[in-house]
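**Q** Kindly generate the corresponding structure for this input.
(one chain, ligands or ions: 1)
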Amino acid sequence: MKKVITYGSFDLFHEGHRSILRRAREMGDSLIVGVTTEQYDVYRGKINLVDSLMRRIDNVRKTGLADEIIVEDHEGQKAEDIQKYAIDLFVIGSDWRGQFDYLDQYCEVKYLDRTQNISSTDIRRGRQGFVLLGIAGTGRAAGRLAREIRFVSGVEARAAYNPSLESARTFAGLYGIESACDNYEAFLEKTDAVYIATPHATHYDYARHAILAGRHVLCEKPMTLSAQETRELFELANDCGVVLMEAVKTAYAPAFLNLLAVARCGRIGTVYDVECAFTKLIPEDKNAREYEPKTGGSFTELASYSLLPIIKILGRDYRVEFRYFRGLNGCDIYAKALFAYDNATASAKTGIGVKSEGQLLISGTRGYILARSPWWLTKTFEVCYENPEDNETFSGPFPGCGLRFEIADFTRNITDPNARNYKFSREDSVAASGIIEQFLRERNGLWLKEP
Ligand code: CTP
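**A** Below you'll find the model as predicted:
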């Protein structure tokens, strides 16, 4: 009796899937089909599947070709399954050629020709519509997004904008983007949505312009430097029927979302304190954006991350005050925002000239949650109790630089009329902008008036 096994996501089941299952079944006496979980697909870099695991299993079952269906949920499972089920032949499509040769120590490995001109990706594209994204600004953040966008289906980088055409062209060339523009109008013409990664003080104008042109906007943090401006942008987006989202990538990462759930569900009791730090040493340079006299400094640069867990866990009903120390051009090289809530306290530390441990610590009446540095690239966190034997560790996928979750959410919010952004909402963005505004007023109020 020859036992065959094959694996796949089998999203939006199509003829290519049926064909490989049929051929695999014909190569032996029984066929086991492994269907991937969503979490494992995210880990593999496949985001935005349409069908649930149950539906994908059901579709495989309906073919009548699988003698057994199993769930694939982790790396290394194929080798385990082959041994566990005493498999004779492992079969997979030719798009994977060479990648599973290592399994030949357990059984025979065969790559079967893929069915031409059909894939789940293409069907998703057709169903959901395809978002053509423009990238405004061509610095570090823009480069990261251009690299990560390739892992999300349903969206493609189509144009790059920089007031310097040469910079736009270099960037577009580097990431294989079709158009490079130095004219914002012409750039918007080529896109459905834009990612704004220009200097902080320019976000408002670029975002406003794009929204008025009917483009969806994913705006780098801080969205603007005032609560009023951020509120206005959201109102405008609402009036124009477009999506507006602030690009705080941690807010969309699975392990961070899990951390919020653990903090809120009472596992560590009542939360009394959230302490959060993000420091990144940036050499003093009078021409650097980070040391620009009005809008530079550690707080505008880094606070968006540190404010996220505070706002998400303790809410928006706080009083906030600041301590800070100045460096070049009067910019804060280190700042601390202290939050007073009725029944809790919180602090957000930021530094570009002072280094500290970049951790997130949430203290409650039964225990605490610790996300170690760099907590904002959340992969794991610990939940600790009085008795260390009870301690737990949680983890979640954070492939690449983690941006793909944010891009996937942005795309989903555009293509799915029922989607709602609760992960970093309009109210969260307005609150974060308001805190940064209050900080800048306090810091610049005295300094910029001095002779
Ligand atoms: N497959 C195939 N012919 C196709 C599409 C898929 O033979 N046209 C095979 C794959 O090679 C794999 C199995 O079907 O062995 C399950 O593939 P899966 O990744 O679920 O399907 P795709 O359509 O390739 O999905 P996606 O576009 O999301 O990568």
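**Q** Between its first and last residues, how far does stretch 205-221 reach?
**A** One end of stretch 205-221 to the other measures 14 Å (C-alpha to C-alpha, to the nearest Å).
**Q** Where does this structure get nearest to the ligand, residue-wise?
**A** Nearest to the ligand, among the residues of the chain, is Gly93, at 1.6 Å (C-beta to the nearest ligand atom). Every C-beta, even on glycine, is put in place using the N, C-alpha and C of the backbone.
**Q** so what pLDDT did that residue get?
**A** At Gly93, the pLDDT value in this model is 97.
**Q** can you give me phi and psi for it?
**A** For Gly93, the backbone dihedrals (degrees, to the nearest 10) come out as phi -70, psi 160.
**Q** Wait, it touches Ser19, no?
**A** No - taking contacts as C-beta atoms under 8 Å, Gly93 lies outside contact range of Ser19: 9.5 Å.
**Q** Which neighbouring elements make contact with the worst-scoring helix or strand of the chain on mean pLDDT?
**A** Here the helix or strand of the chain ranked lowest by mean pLDDT, DSSP states H and E is helix 120-128, holding a mean of 81. Judged by 3 or more C-beta pairs under 8 Å, 6 or more residues apart in numbering; DSSP states H and E, helix 120-128 has no packing partners among the helices and strands.
**Q** what's in contact with it?
**A** Outside helix 120-128, the residues that touch it by C-beta atoms under 8 Å, 6 or more residues apart in numbering are 9-12, 14, 48-50, 153-154, 411, 415-416.
**Q** Would you mind giving the residues you listed as TSV with distance to the ligand, pLDDT and secondary structure added?
**A** Below are the contacts of helix 120-128 laid out as TSV (distance: C-beta to the nearest ligand atom, whole Å; pLDDT from 0 to 100; DSSP: H, G, I helix; E, B strand; the rest coil):
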residue	distance to the ligand	pLDDT	secondary structure
Ser9	4	96	coil
Phe10	5	97	coil
Asp11	6	95	coil
Leu12	8	94	coil
His14	6	97	coil
Asn48	9	77	coil
Leu49	7	84	coil
Val50	10	85	coil
Ser153	7	79	coil
Gly154	11	84	coil
Thr411	15	91	helix
Thr415	16	86	helix
Asp416	18	81	coil
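**Q** From these, list the buried ones, please.
**A** Listed as buried from those are 9-12, 14, 48-49, 153-154, 411, 415; burial here means 16 or more other C-beta atoms under 10 Å.
**Q** ok, the residues you listed vs Lys280, which is closest?
**A** Among those, Thr411 lies closest to Lys280 (C-beta to C-beta), at 28.6 Å.
**Q** can I assume Arg158 sits in a strand?
**A** Yes - counting by DSSP: H, G, I helix; E, B strand; the rest coil, Arg158 is part of a strand.
**Q** Thought Gly176 was touching it, still the case?
**A** No - with contact defined as C-beta under 8 Å, Arg158 does not count as touching Gly176 (10.8 Å).
**Q** tell me, which helix in this structure spans the most residues?
**A** When the chain is parsed with DSSP state H, its longest helix is helix 426-447.
**Q** buried set for that helix?
**A** In helix 426-447, counting by 16+ other C-beta under 10 Å, buried: 426, 428-440, 443-444.
**Q** ok, back up a step: let me have the least confident helix or strand of the chain in PDB, keeping just the CA atoms, if that works.
**A** Only the C-alpha atoms of helix 120-128 are listed here, as PDB (Å, rounded to 0.1, in the frame of the first residue of the first chain):
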ATOM      1  CA  SER A 120      -5.200  31.700  -5.500                       C
ATOM      2  CA  THR A 121      -3.300  35.000  -5.700                       C
ATOM      3  CA  ASP A 122      -4.800  35.800  -9.100                       C
ATOM      4  CA  ILE A 123      -8.300  34.900  -7.900                       C
ATOM      5  CA  ARG A 124      -7.900  37.100  -4.800                       C
ATOM      6  CA  ARG A 125      -6.700  39.900  -7.000                       C
ATOM      7  CA  GLY A 126      -9.700  39.600  -9.200                       C
ATOM      8  CA  ARG A 127     -12.200  39.400  -6.300                       C
ATOM      9  CA  GLN A 128     -10.800  42.000  -4.000                       C
END
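**Q** Give me the distance from the next helix or strand after it to the chain's centre.
**A** Using DSSP states H and E, the helix or strand that follows helix 120-128 towards the C-terminus is strand 131-136. Distance of strand 131-136 from its chain centroid, counting by C-alpha atoms, centre = their mean, to the nearest Å, is 16 Å.
**Q** follow-up on the earlier one: can I get the contacts of helix 120-128 in TSV including distance to Ala371?
**A** Shown next, in TSV, are those (distance: C-beta to C-beta, whole Å):
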residue	distance to Ala371
Ser9	30
Phe10	35
Asp11	32
Leu12	36
His14	40
Asn48	26
Leu49	27
Val50	31
Ser153	29
Gly154	30
Thr411	27
Thr415	31
Asp416	30
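**Q** List the contacts of Arg267.
**A** 366-367, 383.
**Q** rerun that using 7 Å as the cut-off
**A** When contacts are counted by C-beta atoms under 7 Å, 6 or more residues apart in numbering, Arg267 touches Val383.
**Q** One more: the one 4 residues further on?
**A** The contact partners of Val271, taken as C-beta under 7 Å, 6+ apart, are 263, 313-314, 344, 362, 364.
**Q** Got the phi and psi for it?
**A** The phi and psi values for Val271, taken as degrees, to the nearest 10, are phi -80, psi 130.
**Q** just use 3 as the starting number from now, easier for me
**A** Taking 3 as the first residue, the last one we looked at is Val273.
**Q** Understood, closing this out.
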